[in-house]
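Visitor: Below are the sequence and a predicted model for it; my questions follow.
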Amino acid sequence: MKINRLFIVIVLILCSLVTSPGFAQDGDQMLDGIGETGLISRYQFKGNDRDWSRNNLHAITRGTDFRFIPDSLFSNVLALSGESETYVSIPGEAVSGEESLTICGWINLLSAQPGQMFFDFGKNSNSHFFAAPAGTKEKPGLQAAFVAGSKIYTTSSDTVPLKKWSHLAVVLDVPAKTLSTYLNGALVAEVKDATLDLSQLFDTDSENNNQLYVGKSIDGEKSFLNAKLSDFRIYRIPLTSRQIGRIYFTALRGGSQQAAHRGQPEQTLQVFPATTPQLYNAFLVSIPDTQVETTVGNLPRLPRFVKGVYSNGAEGPDVRVIWPAPEDNSQVLVPGTYTVTGKVAGTSLQPRVVVTVRSAEAPATPNRTLEAFRLDQVRLDADIHNQDGSR
């Protein structure tokens, strides 16, 4: 009996451990009100360079000129001196196949030397995406840029303050065609109508060719970051200004991660004009005609999703088509064919479906299973109470 009770107590303790609330890396669904599915990786730099998301994309701090030091705001942070080639390297698979990106983190800049990189992600110096908190050698101030060959988009604002913690976020929003920079929760610069495509920056065939550096430039410049870093995050979604502001203010309130997890998810969704392509529709080239059949008198069932053709032979999802509602059934009253033209949100494409109306087959005459009979052939038998059915 004592052994059975001991076994039950052990089982209950294990169950309580499994179901008890924890931080994001232990299975919570929210971080600062943002769903964890949008988070690619998170590096808190509290004594190590491990990824605290579920994805285990652990970084490597290369070089020897770094320390993890105590800090009054974040308890423990990563300090880079900038005197030698010391930087953080993130696995190239972190950005593989993504459509949009948000890079954000806390930086305490200790030097105003231009050319220092908060981060620099890409394949090479002709295809990369970076943020320079003290400016580049060509231009002063906080610079964020998307470089893909001759295509260059740059945001510019005041230099990140020296010797104080600042929250920096850069958002590449491919569907909205914007490159945005936020400093301490506020939008400070933005480029609109930017034709962005992350496949131009990263190698989707070989992830080892992707270089994701924090504190170092891809182009081999010898200006290394002299700063303290904390809570560096990569999101696969374009965060909104409200979400970025929530990350900033949550940390200033003491960085209570458990309280942040209990926060309500972001309810405000970005609104796109009806003419703006969204997600894969931005790469949609054409939609082949579709064939359906029906019979006379019956309206056809038009497909909600059809196959689409995407640029560069890419494989994409089926396309949602909006078909016009029929005014009547006049088009299916006689055999023949007719065409219905639909539309795809955010594009000028007009997919067509060709409807073939066939003659309806005459319904088969049912077989007779009951023969006629005379009433005098019906007999009412008495039941168990010796009563017949006439009462």
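Guide: All right, it came through fine.

Visitor: where exactly do the helices run in this structure?
Guide: Counting by DSSP state H, the chain has helices at residues 2-19, 241-252, 257-262.

Visitor: pLDDT weak spots in the stretch 101-250 of the chain?
Guide: Scanning the stretch 101-250 of the chain for pLDDT under 70 picks out no residues.

Visitor: Where among the helices of the chain is average confidence lowest?
Guide: If you rank the helices of the chain by mean pLDDT, helix 257-262 sits at the bottom with a mean of 44.

Visitor: Point to the residue nearest the middle of the chain.
Guide: For the chain, the residue whose C-alpha lies nearest the mean C-alpha position (C-alpha atoms, centre = their mean) is residue 237; its distance is 4.3 Å.

Visitor: my read: that one touches residue 36, true?
Guide: No: contact criterion C-beta atoms under 8 Å: residue 237 and residue 36 do not qualify, at 11.3 Å. For glycine as for every other residue, the C-beta is placed from the backbone atoms N, C-alpha and C.

Visitor: OK, contacts around residue 209?
Guide: Listed by C-beta atoms under 8 Å, 6 or more residues apart in numbering, the contact partners of residue 209 are 92, 123, 203.

Visitor: switch to 6 Å and redo it
Guide: Contact partners of residue 209, counting by C-beta atoms under 6 Å, 6 or more residues apart in numbering, are 123, 203.

Visitor: Any chance of the backbone angles for the closest residue to residue 81 other than its chain neighbours?
Guide: Of all residues not flanking residue 81 in the chain, residue 65 sits nearest, at 4.9 Å (C-beta to C-beta, 6 or more residues apart in numbering). For residue 65, the backbone dihedrals are phi -90, psi 60 (criterion: degrees, to the nearest 10).

Visitor: Could you check how far residue 65 is from residue 226?
Guide: With distances defined as C-beta to C-beta, to the nearest Å, the gap from residue 65 to residue 226 amounts to 10 Å.

Visitor: Looking at these two, which one has more neighbours?
Guide: When residue 65 and residue 226 are compared for neighbours, residue 226 comes out ahead with 19 against 16, by other C-beta atoms under 10 Å.

Visitor: That one touches residue 110, doesn't it?
Guide: Yes: checked against C-beta atoms under 6 Å, the pair residue 226 and residue 110 is within contact range at 4.7 Å.

Visitor: How are the strands of the stretch 151-300 of the chain distributed by residue range?
Guide: Taking DSSP state E, counting those that start in this stretch to define them, one finds strands in the stretch 151-300 of the chain at 151-157, 166-173, 178-183, 186-191, 211-214, 227-235, 284-286, 290-295.

Visitor: out of these, nearest to residue 50?
Guide: strand 227-235 (11.9 Å; C-beta to C-beta).

Visitor: Also compute the angle for the closest one relative to strand 166-173, please.
Guide: 30 degrees (axes from the mean of the first three to the mean of the last three C-alpha atoms, to 10 degrees).

Visitor: hmm, who's touching strand 227-235?
Guide: With C-beta under 6 Å, 6+ apart as the test, strand 227-235 has contacts from 38-45, 74, 77-79, 94, 102-110.

Visitor: Stretch 45-65: end-to-end distance?
Guide: 15 Å (C-alpha to C-alpha, to the nearest Å).

Visitor: no wait, stretch 363-381
Guide: With C-alpha to C-alpha as the measure, the ends of stretch 363-381 fall 41 Å from one another.

Visitor: Also stretch 111-127?
Guide: 27 Å.

Visitor: Can you point out the buried residues in that stretch?
Guide: 111, 114, 115, 116, 117, 118, 119, 120, 121, 122, 123, 127 (16 or more other C-beta atoms under 10 Å).

Visitor: from those residues, which single one is nearest residue 57?
Guide: Among the buried residues of stretch 111-127, residue 121 lies closest to residue 57 (C-beta to C-beta), at 13.1 Å.

Visitor: pLDDT value on residue 255, please?
Guide: 54.

Visitor: now do residue 56
Guide: Per-residue pLDDT puts residue 56 at 89.

Visitor: cool, and the one 3 residues further on?
Guide: According to the prediction, residue 59 has pLDDT 95.

Visitor: That one contacts residue 87, correct?
Guide: No: Residue 59 sits out of contact with residue 87 when judged by C-beta under 6 Å, with a separation of 9.9 Å.

Visitor: Contacts only, for residue 125.
Guide: The neighbourhood of residue 125, defined by C-beta under 6 Å, 6+ apart, consists of 218, 219.

Visitor: any idea how far it is from residue 208?
Guide: Taken as C-beta to C-beta, the spacing of residue 125 relative to residue 208 amounts to 18 Å.

Visitor: Same check on residue 244?
Guide: Applying C-beta to C-beta to residue 244 and residue 208 gives a distance of 31 Å.
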